[in-house]
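Visitor: Need a 3D model of the sequence below.
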Amino acid sequence: MNKLISLCLAVGICGLAGRMTMAQTKPKVGLVLPGDSILGVKLGDDASRFEAAFPKRPETENHSPSGTVGDQCPTEIYYWSDLAPDTSVATAYLKDGAISQLSVQGPMFSLPNGLKTGATEERVKQAYPKGQMYVLLYSGGKVNGGRDLHYWVAREAGIAFELAWWQTKMQRLVEKIDVFTKGSEFRPEGCISQPQEWQKVKQTPHVGP
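Guide: Predicted coordinates:
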């Protein structure tokens, strides 16, 4: 999300234009289905399906080149935001014209089990105990207390949870939820850009009864 925010600021597409039309363009609250879809927009769909579910506001842009380079990187990004104080955001990453990864954050999106942004790390691990923790090195910023972003990745389920450090709560909470193809390799925003690095976190074996 940090790359997307920077891109928005650079090209001036994340202003408040369209606030008056928000009521007409805000989609209904929908489910996030691991390894499949968000609000009915499925992996493998083209951009038109995303735009149908998340309508573009008049005189605004809702897509851009990905800004990343590499065989595994997406070539286009489509995005939508409700512009509410407690912002909900949906993003589609496309490769060769098809959606390869989906991402959501905010209160309007929820998994069937009730997980959504703001959930605790403990709850995520309880829901997906076979997941693996990763860290995106050099991703820390002021908004997350300077601490690198962590990701709980349930590869076989096709779901990943971005866990950001909340200084006010002194713990990591879900900041973003990503949907990707079951069994495939997950990378934040589709691929890693230098100088950031993707690293598996060694898990401590459970000791106890």
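
Visitor: all strands of this protein, in order?
Guide: Taking DSSP state E to define them, one finds strands in the chain at 30-33, 37-38, 41-42, 63-65, 76-81, 89-95, 98-105, 109-110, 132-137, 149-154, 159-166, 171-180, 197-200.

Visitor: now the ones you listed as CSV including mean pLDDT?
Guide: Output for these, formatted as CSV (pLDDT from 0 to 100):
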stretch, mean pLDDT
strand 30-33, 90
strand 37-38, 98
strand 41-42, 98
strand 63-65, 83
strand 76-81, 94
strand 89-95, 96
strand 98-105, 97
strand 109-110, 96
strand 132-137, 98
strand 149-154, 98
strand 159-166, 96
strand 171-180, 97
strand 197-200, 97
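
Visitor: Ok, which of those comes nearest K125?
Guide: Comparison of those against K125 by C-beta to C-beta identifies strand 149-154 as nearest, at 6.4 Å. C-betas here are computed from N, CA, C, even on glycine.

Visitor: Send me that closest one as CSV with only the CA atoms.
Guide: Once non-C-alpha atoms are left out, strand 149-154 reads as follows in CSV (Å, rounded to 0.1, in the frame of the first residue of the first chain):
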residue,chain,number,x,y,z
LEU,A,149,5.4,-4.9,8.0
HIS,A,150,4.7,-8.5,8.8
TYR,A,151,2.5,-10.9,6.8
TRP,A,152,0.8,-14.0,7.9
VAL,A,153,0.5,-16.0,4.6
ALA,A,154,-1.8,-19.0,4.3
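
Visitor: Give me the helices and strands touching it, please.
Guide: Applying 3 or more C-beta pairs under 8 Å, 6 or more residues apart in numbering; DSSP states H and E, we find strand 149-154 packed against helix 121-127, strand 132-137, strand 159-166.

Visitor: so of the ones you listed, which one's packed in deepest?
Guide: With neighbours defined as mean count of other C-beta atoms under 10 Å, the helices and strands packed on strand 149-154 peak in mean count at strand 159-166, which reaches a mean of 23.

Visitor: Tell me if I'm right that L94 and R49 touch.
Guide: No. Contact between L94 and R49 fails when scored by C-beta atoms under 8 Å: they sit 10.9 Å apart.

Visitor: Comparing the two, which shows the higher neighbour count?
Guide: Neighbour count, other C-beta atoms under 10 Å: between L94 and R49, L94 has more, with 21 against 17.

Visitor: Next, work out how far apart the closest residue to the more buried one other than its chain neighbours and H63 are.
Guide: Nearest non-adjacent residue to L94, counting by C-beta to C-beta, 6 or more residues apart in numbering: E76, 4.3 Å away. Per C-beta to C-beta, to the nearest Å, E76 is found 6 Å from H63.
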